[in-house]
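Peer 1: Here is a sequence with its predicted model. Questions after.
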There are 2 protein chains.
Amino acid sequence: MIGNFISRHQLVIIYGIALAMLAFLLKWLELRFIIISHAFEIYIGAIAILFTALGIWLATKLIKPKLETIVVEKAVYITQLNQFVRNEKQLLELGLSKRELEVLQLMADGLSNQEIAAHLYVSLNTIKTHASRLFEKLEVKRRTQAVEKGKKLQIIP
Amino acid sequence: MIGNFISRHQLVIIYGIALAMLAFLLKWLELRFIIISHAFEIYIGAIAILFTALGIWLATKLIKPKLETIVVEKAVYITQLNQFVRNEKQLLELGLSKRELEVLQLMADGLSNQEIAAHLYVSLNTIKTHASRLFEKLEVKRRTQAVEKGKKLQIIP
DNA sequence: GACAAAATCACCCTTTAGTATGAACGAAGA
DNA sequence: TCTTCGTTCATACTAAAGGGTGATTTTGTC
């Protein structure tokens, strides 16, 4: 069906193609003429494009990369560096005396009242008195509770 | 003295100056001639320089700045929120039973033997027995020392 | 089922802890 | 000077802790 169409209009087609080619030739000649007549401008344009490209290339090579500093906080776990610092404010609030604090510390070391008395060169009764006051001020009933609270409130290590 | 020198050699000086000016004029003319005869090359050169500069400018304006990331690690010290981990090995070495450990823990909480008995639904005598064995195994004489040693050996918080 | 370890409880006794009350003494402050 | 506070000590008492011995029951293991 397509072959039939071509054979029937062969002359017309050839003519059309020839016409098209002629038009194309004329256009090409026109372009050539334009190029030749504007050779200088085209040359200048080419130079401009070339050196613009060169400039861009130079810039990419020469421009210093922008530095961006990111500070990353890294967790560092400390094993046991923390040395004891007494909470003096808490001590004042409780109203503990020097002697009472000493007794509390020795209690925390596991000493009996008798041993504490010997350690401080005073009598057992004196220690008992201090202990009673201590328990009152700390609002506890037993020495174990006193030691526990003392550590919690950071008045003993 | 200087005026005298000038007046005496006036002619010579004028001649010298004229000669110098002539030489300068000739040099200038030569330069002009060079410029004129090489006008095209100079024009092209100027265009090249101009568009190279344009390229560089374009590059700096349009190209995204290259980011170089520097990561600086900063140590942040954390006062270890210590979740207690029992030293099971130590516990085995000491040969403490479940019940003895329970008693020790309640002792550390500041409870009396009576209170511990009530807490565990057993008699006071039972707690005393446990306590005695506990002290033997921990090689201590008093509950305060037991609690202290228990914490030191990390078998109680 | 035998066995060992753990858990339970009791009784008696001693020691230690804790309460209550009172008192003496010295230092610091109003 | 008087008062307060801390420290010291004593006596008397109760409560709790701790030691020693013995016994029963439960539980897990061989």
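Peer 2: That came through, no problem.

Peer 1: tell me the pLDDT at A:Ile13?
Peer 2: A:Ile13 is assigned a pLDDT of 62 by the prediction.

Peer 1: tell me the angle of the helix or strand in which A:Lys151 is found relative to helix B:143-152?
Peer 2: Assessed by DSSP states H and E, A:Lys151 sits inside helix A:143-152. Using axes from the mean of the first three to the mean of the last three CA atoms, to 10 degrees, the inter-axis angle of helix A:143-152 relative to helix B:143-152 is 40 degrees.

Peer 1: what about helix A:143-152, near DNA strand C?
Peer 2: Yes - counting by CB under 7 Å from any atom of the strand, DNA strand C is contacted by helix A:143-152 at A:143-144. Backbone N, C-alpha and C define where each C-beta goes, glycine included.

Peer 1: How about the contacts made by the residue nearest the centre of chain A?
Peer 2: The C-alpha lying nearest the average C-alpha coordinate of chain A belongs to A:Val72 (CA atoms, centre = their mean; 4.3 Å). By CB atoms under 8 Å, 6 or more residues apart in numbering or on different chains, the residues touching A:Val72 are B:71-74.

Peer 1: Now do the SS call for it.
Peer 2: Following DSSP: H, G, I helix; E, B strand; the rest coil, A:Val72 is assigned to strand.

Peer 1: what ranges do the helices span in chain A?
Peer 2: A:2-8, A:10-37, A:39-62, A:88-94, A:98-108, A:113-120, A:124-138, A:143-152 (DSSP state H).

Peer 1: The last one packs against which elements?
Peer 2: Secondary structure elements in contact with helix A:143-152, counted by 3 or more CB pairs under 8 Å, 6 or more residues apart in numbering or on different chains; DSSP states H and E, are helix A:98-108, helix A:124-138, helix B:98-108, helix B:143-152.

Peer 1: looking at the helices of chain A, which has the lowest confidence?
Peer 2: helix A:2-8 (a mean of 55).

Peer 1: Next to DNA strand C, which bits of chain A? Give me the list.
Peer 2: When proximity is defined by CB under 7 Å from any atom of the strand, chain A lies next to DNA strand C at A:112-114, A:125, A:128-129, A:131-132, A:135, A:141-144.

Peer 1: Of those, keep whichever come out buried.
Peer 2: For the residues of chain A next to DNA strand C, a burial check counting by 16 or more other CB atoms under 10 Å in any protein chain shown picks out A:112-113, A:131, A:135, A:143-144.

Peer 1: quick one: which two of those are the most distant?
Peer 2: A:Ser112 and A:Phe135 (15.8 Å; CB to CB).

Peer 1: Need the contacts of A:Val72 in TSV (columns: pLDDT).
Peer 2: Formatted as TSV, the contacts of A:Val72 follow (pLDDT from 0 to 100):
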residue	pLDDT
B:Val71	80
B:Val72	81
B:Glu73	78
B:Lys74	78
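
Peer 1: quick revisit: show me which positions of the helix holding A:Lys151 end up buried.
Peer 2: Buried residues in helix A:143-152, counting neighbours by 16+ other CB under 10 Å, are found at A:143-150.

Peer 1: can you check stretch A:84-98 too?
Peer 2: A:91, A:94, A:96.

Peer 1: where's the first one relative to DNA strand C, distance?
Peer 2: When you say that, I think you mean A:Leu91. Computed as CB to the nearest atom of the strand, to the nearest Å, the A:Leu91 to DNA strand C distance reads 18 Å.

Peer 1: List phi and psi for the nearest residue to that residue once chain neighbours are set aside.
Peer 2: The shortest distance from A:Leu91 to any non-neighbouring residue, by CB to CB, 6 or more residues apart in numbering or on different chains, is to A:Ile155 (5.3 Å). The phi and psi values for A:Ile155, taken as degrees, to the nearest 10, are phi -110, psi -10.

Peer 1: returning to what we had before: could the contacts of A:Val72 go into TSV alongside distance to B:Tyr121?
Peer 2: Supplementary listing: the contacts of A:Val72 in TSV, determined by distance: CB to CB, whole Å:
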residue	distance to B:Tyr121
B:Val71	59
B:Val72	59
B:Glu73	55
B:Lys74	54
